[in-house]
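*Asks:* I'll drop the sequence and a predicted model, then ask my questions.
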2 protein chains.
Amino acid sequence: MESNLPLKNLVVLDLSRVLAGPYCTMVLADMGARVFKIEHPEGGDDSRAFGPFVGGESAYFMSLNRNKLSMTMNLKHPRAKQLFLAMVRHADVVVENFRPGAMERLGLGYETLRDVNPRIVYAAVSGFGHSGPYMLKPCYDIVAQAMGGLMSITGHPDGPPTRVGASVGDITAALFATIGILAALRERDGSGQGQKIDVAMLDCQVAILENAVSRYLTGGEVPGRIGNRHPSITPFSSLATADGWVIVAAGNDSLWARLCGVIGRPDLAADPRFATNGDRTAHWSELEPLLTEAFGARTTAEWLAAREGAGIPSGPINDVAQVISDPQVNARGMIQSVEHPVAGPVAVTTSPVKMSRTPVDREFRSAPGLGEHTAYALGELLGLSLEQVAELRREGAL
Amino acid sequence: MESNLPLKNLVVLDLSRVLAGPYCTMVLADMGARVFKIEHPEGGDDSRAFGPFVGGESAYFMSLNRNKLSMTMNLKHPRAKQLFLAMVRHADVVVENFRPGAMERLGLGYETLRDVNPRIVYAAVSGFGHSGPYMLKPCYDIVAQAMGGLMSITGHPDGPPTRVGASVGDITAALFATIGILAALRERDGSGQGQKIDVAMLDCQVAILENAVSRYLTGGEVPGRIGNRHPSITPFSSLATADGWVIVAAGNDSLWARLCGVIGRPDLAADPRFATNGDRTAHWSELEPLLTEAFGARTTAEWLAAREGAGIPSGPINDVAQVISDPQVNARGMIQSVEHPVAGPVAVTTSPVKMSRTPVDREFRSAPGLGEHTAYALGELLGLSLEQVAELRREGAL
C-alpha cells in the first residue's frame, strides 16, 4: 500500500505544464506525495497534445504524470481563484512553471498565497528566474543548454556545439526545485514558515558545469569540445571496435598498465610519453591512433569480455532498446508497465531513489485523464458536494 | 550568519570521493548542513590531486568541497572505526560512494550503523547500485552515460555517439541521492527510523531519458542522434549565422508565423508543408536548407535583436567565458569568489536553489585543507581533548 511511502501526507498543488515542473512533481509523486495537477479545462497540460500517442493518449504526458491526480480549474474565473486559495490552505507545496509575473496577474502570486497559508512552500521553475535582466524572456530547454554553456563543451573538436539528447535543461531544474522544496519543508518543520523557491533553468546549467568553470577561472583557457574524452583523465573515451564502440575508462596508472596488457601492447605501459595520467592527457594525439589501431582488431563483445576480466571500467554504448532490455536496468526495476484505462499497458521509467525501509517501487498509478479527479479533490480537500462541483462546472470555473 | 540556513543542524558524515558523492554533500552543505568530510590521512579525496592547481590546491576539489569540514580517519584502524561509530550516534546522514561491499568489509555496513543509530539515513551512491548482476563492476561517468543510452541520443546524425561535456552521470546521481536523503529525513521525523538509500548512476541515466523511452516503447522506433533538433518540435534547433550560431525555438504555430516574418519569408508560414508542428517536423529536410539560407545572411547579434523583438524564444550559444560574464548569470549571483587561505580567491559556482526567507546565497567557506578540522570535529561531536586527538594521530587512527 501507499501508506509506507516517504512523502505520504504531503499535499502538492501542481500548476505546471510540459516538462520542468511536471518532472519535479513526478519525483514527489513517485515518493508518495499527493499531487493535485490543476489543468485548464480546455485541453489541459500542453503536453497532452505531444505525440506519439497510444490509444489517443500522449506517451510523453503519461510518462511524466503517473501517480498524479488531475483536476480542472479556469484560474481566471473568480470562483476558481477562491477555490484555489481555499485549497492552498490545505496544501504544503505549490509548484508552477509559468513565465515570471503570470501568477501575480492571476492574483495568485506568492505573497497572496502566503497570506492565506504562511506555511506554504511555493516553488517557481522558470527559464531565467524571477530576477535579473532576462527575467521575462521566453526559454526552452535548448535555449538553457545553449546559453548555459553546456552545448559549447558537448560535441567533437571538428563539429558544432551539440545539444544533449535528453532535456537536461528542464530536468536539472526539476531536480534542484525538488531539493529546494524538501529543504524548505524541513526548515518549515522548525520555523512554522514556508517560503518561495525560485529555480532557473539557466542557473542550473551553470551549476552542473562543475570542472569546466573551475578550469576556465583558474587556468584562463575556455573549455572547448573534446569529443568523448575527459579533460584531465586519459584514456577515458570511446574507441571504435571491429563492429561498434567500446568505452575505455582507465582512470589511474595501474588500470593503464592492465589495459596495455589486455590490448597486447605492454610496451606502451613502459613508454615515458604515457607514464602518468598527465602524460597520457598531454600526448593524447599520439596515444589515440595506437589505441584506435588496437581496438579496431576485435569486436565490442570481445573487448568487453577481455577488459572486464582485467577489472578495467568498461561498457558498451547502448541505444535505448538495449537500455530497456539490459539485465541490470531490469534487475533494478527501472522500467515498469502501468495499466492505463484508455491506452492500456504503458511502460514508464521508475524512480532511481531506491529506499530500504519505505521503498518507492510499487505499482504506479497511470497518468490521469483531464479533470478525472476534480470532484474527488474538491470533495476531499474542501468538502464540496457533487452538486456544488457540477454548478461550478456550469459556471465555467472548472 | 549561517543560523538561518534551511538545513542548519543537519549533521552529515561524508566518506565520499571525487564527484558523485561530493556533489551531493556540496548541495547539502550549500544549504547549511554541517558536512564532516572524512578523508584518508594519506592524500585524502583523490580529487585533491586533479589539476588544474591554484597555489598547489586543486581547483576541482575546491569547487566541490566548499562549505565542508575535513577530518582524517584511517577507517581500517580499530580505534578509527570506534570513533566513526561514535560519530554516527551524533549524525543524521552518512554518504559514501565506495564500490558495493566496501563498507561491509570495513565492518561499517549500513546494518552496523543502524544498530548504533536507528535514525541514521545512509546514502550509497554507486555506478550500478547495490543489487543486480553488474553490482560489483567498476563505473565512471562515461560508462554510465554510455550504458544508460544518453550518448546514443546525443550527437549529430552523421557523427558518433557523444558524451555530454559535463559529468551528468555523476551529477544526476548526486541530485537524486540528495532528494532521497531529504525525503528519508522527512519520513524519519514521523517514524523515528532512518534507512538506506541506494542510488545508481545507471538508474539515474535511465530516469532522465524521459521521452526517448516513451517514444521507443510506444512507437517501436529506437531514438537516434538528431543533432540539435527536438524529436517532435520544429523549428527547435541551432542555425548557423554569418558569424556563429543562434538558437531557434519556435514551439508553436503562432511563433512559427512570427519567425517567418522576422526572416522575411512570410510565404513559408502559408506553405502547407510547414503548417503544423507535425508538418514541420516531417518536412525538416526541406525546411532546414531554407532556414539555413535565411540565417546565414545576418550575424548572431542581429538575429537575436530581431527575434527578441518578436518574442520568439532565442539565444546565443555561449562558451564558458561568456557564461561567466553573462549579465543574467551575474544578476542571479551564480558565481562567487571564495577566499582560500592557501590558493587565495577562487571563483566557484553557487547554489541554483534561490530561497526567499532562508537564502542560501552567503559568503561561502573555502574548501578545507586535508584534516583541517579533525581536532575540532572530534572535540565538538565526541568531546575529545587535543591530547586524545594527538594520541590517536600517533597511533595512525587519524
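*Replies:* Now that the structure is in, tell me what you want to look at. Numbering: from 1, shown residues only, chains lettered A, B, ... in the order given.

*Asks:* ok, which stretches of the stretch 51-200 of chain A are helices?
*Replies:* A:59-64, A:78-89, A:102-105, A:110-116, A:141-147, A:168-191 (DSSP state H, counting those that start in this stretch).

*Asks:* Taking helix A:78-89 as reference, get the angle to whichever helix or strand A:R393 is part of.
*Replies:* Per DSSP states H and E: A:R393 is located in helix A:386-395. Relative orientation of helix A:386-395 versus helix A:78-89 (axes from the mean of the first three to the mean of the last three Cα atoms, to 10 degrees): 130 degrees.

*Asks:* quick one on the thing from earlier: deepest in the core, which of the helices of the stretch 51-200 of chain A is it.
*Replies:* Comparing the helices of the stretch 51-200 of chain A by mean neighbour count (mean count of other Cβ atoms under 10 Å in any protein chain shown), helix A:141-147 comes out on top with a mean of 28. The C-beta positions use only the backbone N, C-alpha and C, and glycine is treated the same way.

*Asks:* State the mean pLDDT of it.
*Replies:* The average pLDDT within helix A:141-147 is 96.

*Asks:* quick one on the thing from earlier: for the helices of the stretch 51-200 of chain A, please prepare TSV with the additional fields distance to B:E42.
*Replies:* Converted to TSV, these look like this (distance: least, Cβ to Cβ, whole Å):
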stretch	distance to B:E42
helix A:59-64	47
helix A:78-89	55
helix A:102-105	54
helix A:110-116	51
helix A:141-147	40
helix A:168-191	34
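
*Asks:* Redo those as CSV? Include distance to chain B.
*Replies:* Shown next, in CSV, are the helices of the stretch 51-200 of chain A (distance: least, Cβ to the nearest Cβ, whole Å):
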stretch, distance to chain B
helix A:59-64, 4
helix A:78-89, 16
helix A:102-105, 14
helix A:110-116, 8
helix A:141-147, 4
helix A:168-191, 4
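
*Asks:* Tell me the helices and strands packed up against the helix holding A:R393.
*Replies:* When contacts are defined as 3 or more Cβ pairs under 8 Å, 6 or more residues apart in numbering or on different chains; DSSP states H and E, helix A:386-395 packs onto helix A:78-89, helix A:374-382.

*Asks:* closest to B:W256 out of the helices of the stretch 51-200 of chain A?
*Replies:* Of all those, it is helix A:141-147 that lies closest to B:W256, at 15.6 Å by Cβ to Cβ.

*Asks:* got the CA coordinates for that closest one in CSV?
*Replies:* Presented in CSV, the C-alpha positions along helix A:141-147 are these (Å, rounded to 0.1, in the frame of the first residue of the first chain):
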residue,chain,number,x,y,z
ASP,A,141,15.4,23.5,-22.9
ILE,A,142,17.7,24.1,-25.9
VAL,A,143,18.0,27.8,-25.0
ALA,A,144,19.1,27.0,-21.5
GLN,A,145,21.6,24.4,-22.7
ALA,A,146,23.0,26.9,-25.2
MET,A,147,23.2,30.0,-23.0
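
*Asks:* that older thread, dump the helices and strands packed on helix A:386-395 into CSV; add distance to A:R393 and mean pLDDT as well.
*Replies:* Formatted as CSV, the helices and strands packed on helix A:386-395 follow (distance: least, Cβ to Cβ, whole Å; pLDDT from 0 to 100):
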stretch, distance to A:R393, mean pLDDT
helix A:78-89, 11, 98
helix A:374-382, 8, 97
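
*Asks:* Can you say which of those is nearest to B:L64?
*Replies:* Nearest of the helices and strands packed on helix A:386-395 to B:L64, taken as Cβ to Cβ: helix A:78-89 at 38.0 Å.

*Asks:* helices and strands around that closest one, which ones?
*Replies:* Using 3+ Cβ pairs under 8 Å, 6+ apart, helix A:78-89 sits against strand A:11-14, helix A:110-116, helix A:374-382, helix A:386-395.

*Asks:* Give me the contact list for that helix.
*Replies:* Here helix A:78-89 makes contact (Cβ atoms under 8 Å, 6 or more residues apart in numbering or on different chains) with A:13, A:36, A:38, A:73-75, A:94, A:106-108, A:112-113, A:116-117, A:120, A:377-378, A:381-382, A:392, A:395, A:397-398.

*Asks:* try it again with 6 Å
*Replies:* A:13, A:73-74, A:113, A:116-117, A:120, A:381-382, A:397 (Cβ atoms under 6 Å, 6 or more residues apart in numbering or on different chains).

*Asks:* just how off-centre is that helix within its chain?
*Replies:* 30 Å (Cα atoms, centre = their mean, to the nearest Å).

*Asks:* Report the angle between that helix and helix A:374-382.
*Replies:* Note on geometry: by the same axes, to 10 degrees, helix A:78-89 and helix A:374-382 are set 50 degrees apart in direction.

*Asks:* tell me, what residue is most central in chain A?
*Replies:* Central residue of chain A (Cα atoms, centre = their mean): A:I171, 3.0 Å from the mean position.

*Asks:* shouldn't that residue be in contact with B:I208?
*Replies:* Yes. Here A:I171 reaches B:I208: they are 5.2 Å apart, a contact under Cβ atoms under 6 Å.

*Asks:* Now do the shared contacts for these two.
*Replies:* What both A:I171 and B:I208 touch, as defined by Cβ under 6 Å, 6+ apart, is an empty set.

*Asks:* where does A:L290 land in three-state SS?
*Replies:* Of the three states, A:L290 takes helix under DSSP: H, G, I helix; E, B strand; the rest coil.

*Asks:* near chain B, which residues of the stretch 1-150 of chain A?
*Replies:* Residues of the stretch 1-150 of chain A lying near chain B by Cβ under 6 Å from any Cβ of the partner chain: A:6-7, A:31, A:50-52, A:54, A:59-60, A:63, A:128-129, A:132-134, A:138, A:140, A:142-143, A:146-147, A:149.

*Asks:* For A:S232, give me the pLDDT.
*Replies:* For A:S232, the pLDDT comes out at 80.
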